[in-house]
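> Next one to model:
(chains A and B)
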There are 2 protein chains.
Amino acid sequence: MKRTTDAKNPLIDDREIEFLLYDVLRAEELLALPAFAEHSRETFDMVLGSCRRLAREVLFPTYRELDAAPPVLAEGRVTLHPKMKELYPKLLALGLITAPRPHGVGGQQLPLVIDTVAQAYLCAGNVGAAGWIIMCRGTGHLLEAFGSEALKREYMDPLYRGQWTGTMALTEPHAGSSLGDLRTVARPTSAGHYLVRGSKIFITGADQDLTENIVHLVLARIEGAPEGTKGISLFAIPKMRREGDALVSNDVAIAGLIHKIGWRALPSVALELGENDDCHGWLVGEPHQGLSYMFQMMNEARITVGVAGAATASVAYHEALGYALTRPQGRALGARGGEQVAIVEHPDVRRMLLRQKAIVEGAISLVVTTARYADLAEHHPDAAERTKARTLLDVLTPIAKTFPAEKGFEANALALQVHGGYGYSSEYLPEAWMRDQKLNSIHEGTSGIQGLDLLGRKVMARGGEALRLLAGEVTSAIDEARAAGVAAALCDALASATATVGETTMQLGAMGMSGDAARMMLHSSDYLDMASTWVVGWQWLRHATAAQRIVASGGPRAAYAEGKLCAAQYFLETELGRIPHLARLCTSAEDSYARMNVEWF
Amino acid sequence: MKRTTDAKNPLIDDREIEFLLYDVLRAEELLALPAFAEHSRETFDMVLGSCRRLAREVLFPTYRELDAAPPVLAEGRVTLHPKMKELYPKLLALGLITAPRPHGVGGQQLPLVIDTVAQAYLCAGNVGAAGWIIMCRGTGHLLEAFGSEALKREYMDPLYRGQWTGTMALTEPHAGSSLGDLRTVARPTSAGHYLVRGSKIFITGADQDLTENIVHLVLARIEGAPEGTKGISLFAIPKMRREGDALVSNDVAIAGLIHKIGWRALPSVALELGENDDCHGWLVGEPHQGLSYMFQMMNEARITVGVAGAATASVAYHEALGYALTRPQGRALGARGGEQVAIVEHPDVRRMLLRQKAIVEGAISLVVTTARYADLAEHHPDAAERTKARTLLDVLTPIAKTFPAEKGFEANALALQVHGGYGYSSEYLPEAWMRDQKLNSIHEGTSGIQGLDLLGRKVMARGGEALRLLAGEVTSAIDEARAAGVAAALCDALASATATVGETTMQLGAMGMSGDAARMMLHSSDYLDMASTWVVGWQWLRHATAAQRIVASGGPRAAYAEGKLCAAQYFLETELGRIPHLARLCTSAEDSYARMNVEWF
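Numbers count the residues shown, from 1 in each chain, chains lettered A, B, ... in the order given. Model prediction:
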């Protein structure tokens, strides 16, 4: 019952990336920013070319093996699949760990727009394997931003080279999302380091046999620090610490391996720090600032989760599309006899495929658009533009984190469904990608937490400025779409959604101002769903604009652009139509779960 | 990282079953039907008591082991988990295989309403293990209905005793849902049997080491039969055929084992019939009537899939509820310091739980209500009432099959989500139930096929009579709710949905009458979603009526009834609000996937 992996799965469609980068986002305009002056469309294509090759030719063909044989823990050490050891140097050779970082730290100053697409190819090939270099980058960047020169030399440099790998050690067994309750404690010593003691759980990549050392960036409380989130500091804690010329054990024990249901190239580990009171940690930055440091990285990590979600839905979509194009079964409605047709001919199969396309390409567009604001926020020469881009980046982050995870999961389930009975077997890959996808609604802040972040913080900050800016972007896109001749019904649908989101937010803001924060926040998940649908609707209208122009000018890309117009129509008519109902839930007196007494369950 | 299974998970809440059977459905009224005259509430409770005990004390505690070690194929034989061999006689001892069948064939004439609940407990305990006795019943019933006396004696009797197990062998590798294309062929012999040759795939339970023999009920084409579905006949093909006093091999080979992602107590097998031209089959009933015979059982099987879906969502919901009640994390919005609260205190966690409750209890109510019409269709003394009940049973079947599968999958994903990072590990059970659930949107007719069946066949038959009857039932329930003092907003919401469903169906019917069947059927999945939401809304309004009465009379059940009112409010306000949009999609010109050319993907 084996089916060989279809080598033709593109993971992500190159036509889509060209369309998104150059027709929709005009990525070449970023070259006008001084930071990116040395780049060109050619360098962009080189980076993307090497990543997509590795993803297609190396990561994807080994995906099944790595999924089938996850890391094992024996005698206190985690051993990875042998193939992971072959993949790791190939991943390093891409240079992607530092690609978007400045030349000064060994980077290439690559726009995040391009970097995001490059990551997406790798994640579509094997999200867990790609995770290793993403962890190196995230931890290196944290040290680059907040570490002393000594810490950078000691830890950032090997992380950025991939010589060592890194982890973010936040979670403790009794305090998952509630970081203020963490108990790991750090006692200062006269030697400059701290002695750290505590338990951490769900630490991604916290042991491996790829590199000689691992750098854990650990949240802990300095003895005597204030309670809650204000007393949390950040420490660099290597698995092996340097003593003279040697690396010696730093009292970081592997307490357990979590049997994750996906992302199986990347172990999730429970750590016991300082069991022998000999775990040395070095303070990163100032005391008690750990959470704010970590949150800077967390926001990057959240966008990366969005990329992983979009990529995981994409590879499954292409697998389902390939299957539907080649699997004969049944006949057209009303037809009698004759050969069976490919299942893509059945309208409901085409619905499932178009829905996946709308989710996948909408999600990719969302995360790359978010990355574009990150580029502008960092590198635009005009301070006002940087501030504007930062505000847009901040408000889009919870959406970019959640939409690909939640709707991507639906798309992954549809990819399985398109495969029928075969989809329910592990001989076929869609079930594995569905397992991979499920993590994305949980890690780096659950979907529920993203809803609280969006409505409670991002949207309400500075009198609702972020939403005004976002509505401005959307309105420009509507004007452009009308000018390009996109169907008026689609433009009107997005305009109407924009008005509804604005009014709903005003009403919720008024509730909050009147002191009823609980009522304002009650439907934060519905609000996130509404806002996400609107923002992805914006993506699809921009795609329709670019597609309309391509169709009008004819040529070989016209067929793909026609598909874009169908997907845009599907999303804008099917999904935006949900917004009025979601808006009513947000502002109405629907208080079922508010008044649901715990005793009544 | 092990967590022992929580023995307190009730699988299904007994309070819910009492409420549903006696407050909502007035199951004791069935005792007035002559067929059920020997029963009483006491006999009902005895059956349910023994099933729920076995489910809780035997099936559930071994669920994890059976999931972790699926059946294996070696030397052409499938070996089950050793625990399955211990469970099987205990399942037989319940007497459930024949419980709803007549006394004449060894049954107890138990109402299907009660039988359905009994099955639900078993499925919630271990859906795959329960599958074995469900297969015995289904195959036995097919022979009871259409087999000769000789076939009944030879095969039905051992199936009904569970001495042998049975399978339904429909699917072939090249023709999943398209049964008209099946190629297995049967050549008559002068000895009365046929020689059968062909390949079958996804045959549930087609090999095991539980019993000495297996009876395959196989669809095949008699040599020279007409093409398509009209040339299909039904055969009984034992694994071992009787020769004299001995059972000898009947040339039924195990060609492969599908690695299913769930239902792991029950293997899915590929069969090769007649490789040595020595596979004897016996015709069941008349030639060329196989598909109509099989479809009678298929409809039973579809309701059973609904039961499995509701049960699988239920056990996960109760696990999530237990976790949320006991897992401390975080504090109330705006609170500073103090102890962490149980996560059930967070509104968004309560939303996820109430949504699961609304789906689970709505789904159970749906399948038991459908079973009630099956009881009336079979046993009501008045022929007109039987016809009415049959019509309602037929129209509810695709809904009872699909809603628990599709919304149940969402509920299962929420149960995982409530567990946070722990939910993403196989140390906890929600991920396993999510895998189990996914099958239900695929087997016994995919969700897409149910949509075609509902809109194309069931709703449009006899001038839309089924929907008129259903609307009549719903309208009575609305009247009853108003009389009981249920909130007018909830009654109005269901009345409005009833009108919308009716108008939408009329418009679609007019499209079909005008010859545009493709357009009528284009949004059949949206139609199924709309109709399912409406029908489950009807369940919830009936629950609200019963709950309102309990709350009004006070007493110990008032707290549970208050929870019912919250869940009813949640479902009716949150879900029925989606109906106008779904109705617009069904009747509008939204033709994105209709016009999506295959070349444009």
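
> element containing residue A:490?
Using DSSP states H and E, residue A:490 sits in helix A:488-513.

> And residue A:42, by the same measure?
Going by DSSP H and E, residue A:42 is part of helix A:41-54.

> and the helix holding residue A:490, what does it pack onto?
If you count contacts as 3 or more C-beta pairs under 8 Å, 6 or more residues apart in numbering or on different chains; DSSP states H and E, helix A:488-513 packs onto helix A:465-484, helix A:517-521, helix A:524-553, helix A:579-587. (C-beta placed from N, C-alpha, C; glycine too.)

> Comparing these by mean pLDDT, which bottoms out?
When the helices and strands packed on helix A:488-513 are compared on mean pLDDT, helix A:517-521 scores lowest, with a mean of 95.

> What about residue A:95? Give its phi and psi, please.
With angles defined as degrees, to the nearest 10, residue A:95 sits at phi 70, psi 20.

> now the helix holding residue A:490: how far from the chain's centre is it?
Here helix A:488-513 is found 26 Å from its chain centre; the criterion is C-alpha atoms, centre = their mean, to the nearest Å.

> winner for burial among the helices and strands packed on helix A:488-513?
Mean neighbour count, computed with mean count of other C-beta atoms under 10 Å in any protein chain shown, is highest for helix A:524-553 among the helices and strands packed on helix A:488-513, reaching a mean of 24.

> what's that helix packed up against?
On a contact count with 3+ C-beta pairs under 8 Å, 6+ apart, helix A:524-553 meets helix A:347-379, helix A:383-418, helix A:447-452, helix A:465-484, helix A:488-513, helix A:558-570, helix A:579-587, helix B:347-379.

> what residues does the shortest one touch?
Helix A:447-452 is contacted from outside by A:177, A:302, A:398-399, A:401-402, A:405-406, A:441, A:521, A:524-525, A:527-528, B:346, B:348-349, B:352, B:417, using C-beta atoms under 8 Å, 6 or more residues apart in numbering or on different chains.

> Strands along the stretch 1-150 of chain A, start to end?
Using DSSP state E, counting those that start in this stretch, the strands found in the stretch 1-150 of chain A span residues A:72-74, A:77-79.

> Quick one: closest of those to residue A:371.
Between residue A:371 and the strands of the stretch 1-150 of chain A, the shortest gap by C-beta to C-beta is with strand A:77-79, which sits at 32.0 Å.

> Validate this expectation: residue A:166 resides in a helix.
No. Membership of residue A:166 in a helix is not supported by DSSP: H, G, I helix; E, B strand; the rest coil, which gives strand.

> Nearest residue to it in space, please, no chain neighbours.
With sequence-adjacent residues excluded and distances taken as C-beta to C-beta, 6 or more residues apart in numbering or on different chains, residue A:166 is closest to residue A:139, at 2.8 Å.

> if we can go back for a sec, of the strands of the stretch 1-150 of chain A, which stretch is the most buried?
Per residue and on average, the most neighbours among the strands of the stretch 1-150 of chain A fall to strand A:77-79, with a mean of 15 (mean count of other C-beta under 10 Å).

> rewinding a little: can you put the helices and strands packed on helix A:488-513 in CSV and add distance to residue B:13?
Formatted as CSV, the helices and strands packed on helix A:488-513 follow (distance: least, C-beta to C-beta, whole Å):
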stretch, distance to residue B:13
helix A:465-484, 43
helix A:517-521, 29
helix A:524-553, 25
helix A:579-587, 27
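
> Relative to chain B, which residue of the stretch 51-200 of chain A is the closest?
Residue nearest to chain B within the stretch 51-200 of chain A: residue A:178 (4.0 Å; C-beta to the nearest C-beta).

> so who does that residue touch?
Residue A:178 sits next to B:329, B:330, B:331, B:340 when contact means C-beta under 8 Å, 6+ apart.

> What of residue A:203?
A:167, A:168, A:169, A:171, A:216, A:268, A:269, A:270, A:271.

> re earlier: so which of the contacts of residue A:178 wins on neighbours?
Highest neighbour count within the contacts of residue A:178: residue B:330, with 21 neighbours (other C-beta atoms under 10 Å in any protein chain shown).

> How about the contacts made by that residue?
Contacts of residue B:330 by C-beta under 8 Å, 6+ apart are A:177, A:178, A:181, B:340, B:341, B:343, B:346.
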